[in-house]
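Engineer: Test case, fold it:
(chains A, B and C)
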Amino acid sequence: MNHLKLPYWIMALVTGVYLFLHLPIIALIAFSFNDSKFSTEWTGFTLHWYERLLERQDILDGLKSSIIVGLSATVISTVLGTLMALALARHVFRGRRLVEAFLYVPIVTPEIVVGISLLILFVAMGVPLGLHSVVIAHVAFNVSFVVVVVLARLQGMDRNLEEAAMILGADELTTFWRITVPQLWPGIISGAMLAFTMSFDDYVITSFVTGTGSSTLPVVVYTMVRKNIEPSINAISTVVLVATTVLVIVAERLGRDKPLVADKD
Amino acid sequence: MPESAASSSPASPQAGADAPVVEFRRVSKTFGAFRAVRDISFTIRKGEFFSLLGPSGCGKTTTLRLLAGFEEPDTDGGEVRLLGEVVNKKRPYERKIAMVFQNYALFPHLTVERNISFGLEMRGTLKVEIPGRVRKAMEMVRLDPGQFARRLPAQLSGGQRQRVALARALVLEPSLLLLDEPLGAIDLKLRKEMQLELKQLNKELGTTFVYVTHDQEEALTMSDRIAVMDNARIAQLGTPAEIYECPRTAFVAKFIGESNFFDGTARERLPDGRFRVQATAGGGSYVVPAGPRVAEGQPVRIAVRPEWLDVFPPDQVPPEENAIAGRIRDVIYLGETLHVLVDLPGEQRVTVALRNEGQLTRPVRWQRGDAAAVAWLPEDCQVLEDE
Amino acid sequence: MSDPQAPVKLRQRILNWFHHHPQAKAWSLVLPGGLWLLVFFLAPVLVMFSYSLKERGIYGGVEDGFTVEHYLRFMDRLYLKILWRTVVDATVCTAICLLLGYPTAYVITRGGRLKGLLLFLVILPFWTSFLVRTFAMIFLMRDTGFINTLLLKLGLVTEPIVMLYTPFAVMTGLVYGFLPFMVLPIYSSLEKLDHSLLEAAEVLGARSTRRFLRVTLPLSMPGVVAGCLLVFIPALGSFLTSDLLGGAKEILVGNVVQAQFTSARNWPFGSAASFVLMALVLGAVMIYLRVRDGAEQPAER
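Structural biologist: Numbers count the residues shown, from 1 in each chain, chains lettered A, B, ... in the order given. Okay, here's the model as predicted:
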């Protein structure tokens, strides 16, 4: 174990960093089971706050909206992003540099600007707001991230595999489905995963482009946080945390890096 | 540049059963400003083991890719013909040929048997036939189907992957098999073994092999004919013996084996038709055979293989041999042979290869600094063309 | 062609057409996503820009006209101060993240068997809802929160320490939110670092501190620079953190933007504020590209 060679002050600092990153969340989860309504003093174990969640229609609706929005935005942005990544990885075309540069703009643009500018557009065009406008906004924000992730995978891919398939008699489309896609799968999964979490977690953009009466879960949670109410927030936070963690682990298993080229000894 | 291309057999225009398996007619391929292949022509006969040999960047891989259909010749860049049919515009999957790639290009997500059956599925082979043919192909490359069929490529050694790649190609029973440096990544001993196996497969199956390599020894071992490529053109095309023993240019003489070069000017035509050549350096002279490239008053460059040279004390050179006097530089012990390095006038150094007849029993007694003459029979030299 | 021409299938004709028209092939892949971005990203930003040059409408929205007054408003002392505070906060946050993140990344690369776990523990917060994590900060720092309850209980303080709605809370929240963005790029550049170089330096007699300063640090600079950008940019644009943890006291440009579209209903000024924010981000990106290319130049060209 060579990390023991490091100076003690570094080990102490880094231990502190890990505590800083995780203690707040751990405390948050622990107190979602606390019996006391107002204080942060431990008074006993309860599942009461979780039961309360199930009684709140706004939370259930929010969860449903979040899942609908998350899935739709993920599917659309993954398909669009993968296609763009294919073009960038495999083709030299006029305007390529422009497309590349343009793709990075949404990544560095503050979410609040994305949300507000879309709100302005929707209002100016008379487009009614609702879950569909949230999906549109999330896709606009996510596509670039998907492209970056899938592109990284594509660039590590052995192009000989596709040529081998073609000389064996597969045309371009067959080669794409039977060779390229299976090879690309981990990249596509990671890209989709990133898109889903960003969409599922997003409050800032959603808060501007969502209509009244169609809030996603983060919007509901935000309202609860603002009103500073009872340990139900701890409970809903815990649910969200556990859900995302499970999702990350599942996706990691699904998308685990299979070797790209067979001949790495 | 009409004379730049080399072609050893006459072009046959008719399509059909007698047509050569492969024919290149003045094919050129340019990538941007880079001319990868310039105006090359050759034909490959049925069942031949044909090698494209040359250093990296010489155009051999582009030639193979033109044949496979991964690249198209330039517009007005000549014709590529397969079995007499022009295939310039045909896609790789329409060509019904097979190929083994340098890094094998096995599909990592498919098992060995699915890798091998891929081509059969794509070409619409009957489902019931597939397992039997896969098994046969695996046996052909000496892979035990029971042991390997269900493995993934990542679970195989380099040599086994190589065999799977070969089986994946051979299972299609192609009339033409392309091989792109398939032995480059495996170790020397296995490589020697595979060379012989490939040659045997070629003869047994009657399949035409086109083999790309930069390894001259490999090409000499396996090929029926070799096209030596240099700088986007074919420098020489011929059998291994023709290439080795009659290199046409200094490039071929240097790239295939070792050579010593002597420059001079043809001075006079001897009664028997041969020429006496005045050496450029040192003032000596020697005799070269008659040939189309030798004329009185013209410069002559010859190549002599180290094993065709001999060293003598200056006063003991046999009268029928050409000789140039010099001094011994060094004697290098190589086991099978001894290399005697001799300094000649004009700062030239030549290598003479002597068979090792046992240094303990019959030692070679040359010492550094000894006066000596290198000698060769006039017919043991090759008059080179300008490049 | 001497052999009879077989009827070419439609599928093959389409594939052949695309093969001979690579430009069309590439663009048909780019176009769906490209159009989406054009219509739902670029167009809105352009409309927003035009709004920032119009007169303010009474009940939100805009009136026709042309004016640059909304940009000029940023010359006010009030807004200059907010701008300044935004840049300072983002810079300080980046610096703190660097000081905490570099040693963390370094320890992960030397983590031996624990490496996977240590890395996972840094990645996990990255996937975790930002809102939930911000709430965790509130839960910890409010007067009746976890820390104060603990301190009171232990008798270390008699009055709760005021943490929430202070600049301290905002800075803690920013660092908490963006620290993983600093650790990951530094980690990946340290990971790529050739260990034989370090060994060579060791053999040549470089002491560990010196070895770090002369070899490790310069070689991990690309990761450091990328990490700084990844922290600095979202920190510039953040408004949720200052909104929830700073109360009304710690207003950043992001909060100005948000306020114009909610309570203040001054869309043109909000649009102008957005563009000022974009200009800051653009500046940061330009500096990043400068530094990155400057570092690459001698090595690559």
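Engineer: now the strands for the stretch 51-200 of chain C?
Structural biologist: For the stretch 51-200 of chain C, the strands defined by DSSP state E, counting those that start in this stretch cover C:55-56, C:62-63.
Engineer: could you measure B:Glu181 against chain A, distance?
Structural biologist: 12 Å (Cβ to the nearest Cβ, to the nearest Å). (C-beta placed from N, C-alpha, C; glycine too.)
Engineer: Distance check, that residue against C:Val45.
Structural biologist: Counting by Cβ to Cβ, to the nearest Å, the gap from B:Glu181 to C:Val45 is 52 Å.
Engineer: Show me what residue of chain A gets nearest to chain C.
Structural biologist: A:Pro110 (2.6 Å; Cβ to the nearest Cβ).
Engineer: For that residue, which non-adjacent residue is spatially closest?
Structural biologist: C:Gly237 (2.6 Å; Cβ to Cβ, 6 or more residues apart in numbering or on different chains).
Engineer: Equivalent analysis for A:Ala152, please.
Structural biologist: A:Gly187 (6.8 Å).
Engineer: how about the stretch of helix or strand the one you found belongs to: buried residues?
Structural biologist: Per DSSP states H and E: A:Gly187 is located in helix A:181-201. Residues of helix A:181-201 classed as buried by neighbour count (16 or more other Cβ atoms under 10 Å in any protein chain shown): A:183-184, A:186-201.
Engineer: Contact residues of the stretch 1-150 of chain B facing chain C?
Structural biologist: Taking Cβ under 8 Å from any Cβ of the partner chain as the contact definition, the stretch 1-150 of chain B meets chain C at B:15, B:84-86, B:91.
Engineer: mind listing which of the residues you listed are in strands?
Structural biologist: B:85-86 (DSSP state E).
Engineer: Is B:Pro73 in a helix, a strand, or coil?
Structural biologist: Classification of B:Pro73 by DSSP: H, G, I helix; E, B strand; the rest coil places it in coil.
Engineer: That one touches B:Val86, doesn't it?
Structural biologist: No: if you go by Cβ atoms under 8 Å, B:Pro73 and B:Val86 don't touch, sitting 10.1 Å apart.
Engineer: between the two, who's got more neighbours?
Structural biologist: B:Pro73 (20 against 16; other Cβ atoms under 10 Å in any protein chain shown).
Engineer: check contacts around the more buried one.
Structural biologist: B:27-29, B:66, B:79-80, B:88 (Cβ atoms under 8 Å, 6 or more residues apart in numbering or on different chains).
Engineer: Recalculate using a threshold of 10 Å.
Structural biologist: B:24-30, B:37, B:66, B:79-80, B:88-89 (Cβ atoms under 10 Å, 6 or more residues apart in numbering or on different chains).
Engineer: from the residues you listed, which would you call buried?
Structural biologist: Counted by 16+ other Cβ under 10 Å, the contacts of B:Pro73 give B:24-29, B:37, B:66, B:80, B:88 as buried.
Engineer: Return the member of the residues you listed nearest to A:His132.
Structural biologist: B:Asn88 (50.6 Å; Cβ to Cβ).
Engineer: From chain C, how far out is that closest one?
Structural biologist: Relative to chain C, and taking Cβ to the nearest Cβ, B:Asn88 is found at 11 Å.
Engineer: Let me know how buried the residue lying closest to B:Glu296 once chain neighbours are set aside is, in neighbour terms.
Structural biologist: In space, and not counting its chain neighbours, B:Glu296 is closest to B:Ala266: 5.4 Å by Cβ to Cβ, 6+ apart. Residues lying near B:Ala266 (other Cβ under 10 Å) number 19.
Engineer: Am I right that B:Ala266 falls within a strand?
Structural biologist: Yes: counting by three-state DSSP, B:Ala266 is part of a strand.
Engineer: What's the end-to-end length of stretch B:302-322?
Structural biologist: 13 Å (Cα to Cα, to the nearest Å).
Engineer: Find the closest residue to chain C in the stretch 151-300 of chain B.
Structural biologist: Taking Cβ to the nearest Cβ, the stretch 151-300 of chain B has B:Ser175 as its residue nearest chain C, at 15.4 Å.
Engineer: Now do that residue against chain A, distance only.
Structural biologist: With Cβ to the nearest Cβ as the criterion, B:Ser175 and chain A are 14 Å apart.
Engineer: give me every residue that touches that residue.
Structural biologist: Neighbours of B:Ser175 in contact, by Cβ under 10 Å, 6+ apart: B:21-22, B:46-47, B:82-83, B:96-98, B:206-208.
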